[in-house]
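Colleague: this is the structure alone, sequence omitted:
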């Protein structure tokens, strides 16, 4: 659902700071073909099939956050990191910038990681 909204250019708002959501605890006895300790069946398989294309997105891919002071752009590190990793999937403003700077940023980051790993080893 989040991917679909983002791919259509619809803003996604993370309201978890301001809204108490309630989810009913229940079993899966109503679902045919369930198996395993955690339920797996037709719905779980369909969700798993979506894991690569389109990418699974979470609230960390939100474009905005609802705070007690109103709606703000989602500029926290967890939002920017999640959106960086899926920058090729949607054409939001951040993603366009991320795609353009990725070739400049990625090589130095890889170099720093390689040097850090070599120093640790």
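Modeller: Yep, it's here. These figures come from a predicted structure and were not determined experimentally. Numbering: from 1, shown residues only.

Colleague: residue 71 and residue 94: what is the separation?
Modeller: Between residue 71 and residue 94 the distance is 16 Å, computed by CB to CB, to the nearest Å. Heads up, the C-betas are built off the backbone N, CA and C, glycines and all.

Colleague: from what I see, residue 73 and residue 63 are in contact.
Modeller: Yes - contact between residue 73 and residue 63 holds when scored by CB atoms under 8 Å: they sit 7.0 Å apart.

Colleague: more neighbours: which of those two?
Modeller: Counting neighbours by other CB atoms under 10 Å for residue 73 and for residue 63 shows that residue 63 has the greater number, 23 against 13.

Colleague: who's in contact with the nearest residue to that one once chain neighbours are set aside?
Modeller: Setting aside the residues directly before and after it, residue 63 is nearest to residue 11 in space (CB to CB, 6 or more residues apart in numbering), at 4.7 Å. The contact partners of residue 11, by CB atoms under 8 Å, 6 or more residues apart in numbering, come to 5, 63, 64.

Colleague: same question, residue 112
Modeller: By CB under 8 Å, 6+ apart, no residues touch residue 112.

Colleague: what about the helices in the protein?
Modeller: For the chain, the helices identified by DSSP state H occupy 2-7, 42-49, 77-85, 93-120, in order along the chain.

Colleague: give me the helix or strand of this structure that scores worst on average pLDDT.
Modeller: Within the chain, no helix or strand scores below helix 42-49, which has a mean of 66 by mean pLDDT, DSSP states H and E.

Colleague: show me the contacts for the nearest residue to residue 90 once chain neighbours are set aside.
Modeller: Setting aside the residues directly before and after it, residue 90 is nearest to residue 6 in space (CB to CB, 6+ apart), at 4.4 Å. Residues counted as contacts of residue 6 (CB under 8 Å, 6+ apart) are 12, 57, 61, 63, 89, 90, 92.
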